[in-house]
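Undergrad: next come a sequence and a model predicted from it.
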Amino acid sequence: MLHIKYTLSRGRGVYASASIEPNTVVERSPVLLFSKEEYAAYGKHTLLDHYTFNWPDGRMALALGLGSLFNHSSRPNTSFSIKPHEDEPTIEYTVLRRVEPGEELCIFYAHSLWFTPDDPNDAPPAALTEEDDPPFDLLRISVDEEPEDTVETSA
Ligand SMILES: C[S@@+](CC[C@H](N)C(=O)[O-])C[C@H]1O[C@@H](n2cnc3c(N)ncnc32)[C@H](O)[C@@H]1O
């Protein structure tokens, strides 16, 4: 259903090999998790920092599989959902509308980007900074709540 294609302006990206219907889960990426301390000391100072996701508990996650190869668009056709409570923590990618063969699947990273998007329409408005990034849910990023039967309560 998906393939990787390289372009000069974006590097690798994830593309549709066939048409994909809205709400199709196209990828479930297992993640490598780095502790806050380990990441601050090492990962943050490397190329890894262009790939990692904030995990809800403060750790940083690197998506395996195709998950690290979705490029950014300010009009994303794909959303991602952080699944911290599965047996194996994953990030799940879902197509938001019908996608045609050959179309690139893009997610929305954030308002504050560390690179210049090749399409000026994808550039964040100049006035917006990291502080202006709305919470996960408004960024089309969802985080699964902990299932009720495993919620810890303080007695
Ligand atoms: C998570 S990686 C995505 C995969 C990356 N293209 C690769 O080949 O490894 C993020 C990097 O992709 C590139 N990128 C993502 N979205 C882009 C866009 N809209 N325009 C140009 N470059 C983009 C930037 O170099 C960014 O640092």
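TA: All right, it came through fine. Numbering: from 1, shown residues only.
Undergrad: could you look up the SS state of residue 92?
TA: Residue 92 falls in the strand class when you classify it by DSSP: H, G, I helix; E, B strand; the rest coil.
Undergrad: that one - how many residues pack around it?
TA: 18 (other CB atoms under 10 Å). For every residue, glycine as well, the C-beta is placed using N, CA and C.
Undergrad: now do residue 30
TA: 15.
Undergrad: could you do residue 3 as well?
TA: 11.
Undergrad: please state the offset of the helix or strand containing it from the chain centre?
TA: Secondary structure assigned from DSSP states H and E places residue 3 in strand 2-7. From the chain centre to the centre of strand 2-7 is a distance of 17 Å (CA atoms, centre = their mean, to the nearest Å).
Undergrad: next, the angle strand 2-7 makes with the strand ranked longest in the chain.
TA: Longest strand in the chain, counting residues (DSSP state E): strand 25-34. For strand 25-34 against strand 2-7, the angle by axes from the mean of the first three to the mean of the last three CA atoms, to 10 degrees is 70 degrees.
Undergrad: coming back round to it: the strand holding residue 3: what's the following helix or strand?
TA: Next along the chain after strand 2-7, taking DSSP H and E as the criterion, comes strand 11-16.
Undergrad: parallel or antiparallel, which strands does that following strand pair with?
TA: With DSSP bridges as the test, strand 11-16 is paired with strand 2-7 (antiparallel), strand 104-107 (antiparallel).
Undergrad: reformat these as TSV; add distance to residue 91 and mean pLDDT.
TA: Formatted as TSV, those follow (distance: least, CB to CB, whole Å; pLDDT from 0 to 100):
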stretch	distance to residue 91	mean pLDDT
strand 2-7	15	98
strand 104-107	10	98
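Undergrad: deepest of the ones you listed, which one?
TA: Stretch with highest mean neighbour count among the strands paired with strand 11-16: strand 104-107 (a mean of 20; mean count of other CB atoms under 10 Å).
Undergrad: does stretch 82-95 reach the ligand?
TA: No. Using CB under 6 Å from any ligand atom, stretch 82-95 stays clear of the ligand, coming no nearer than 11.8 Å.
Undergrad: first-to-last residue distance for that stretch?
TA: Start-to-end span of stretch 82-95 (CA to CA, to the nearest Å) is 15 Å.
Undergrad: in it, which residues are buried?
TA: 82-84, 89-95 (16 or more other CB atoms under 10 Å).
Undergrad: kind regards, and thank you for your time.
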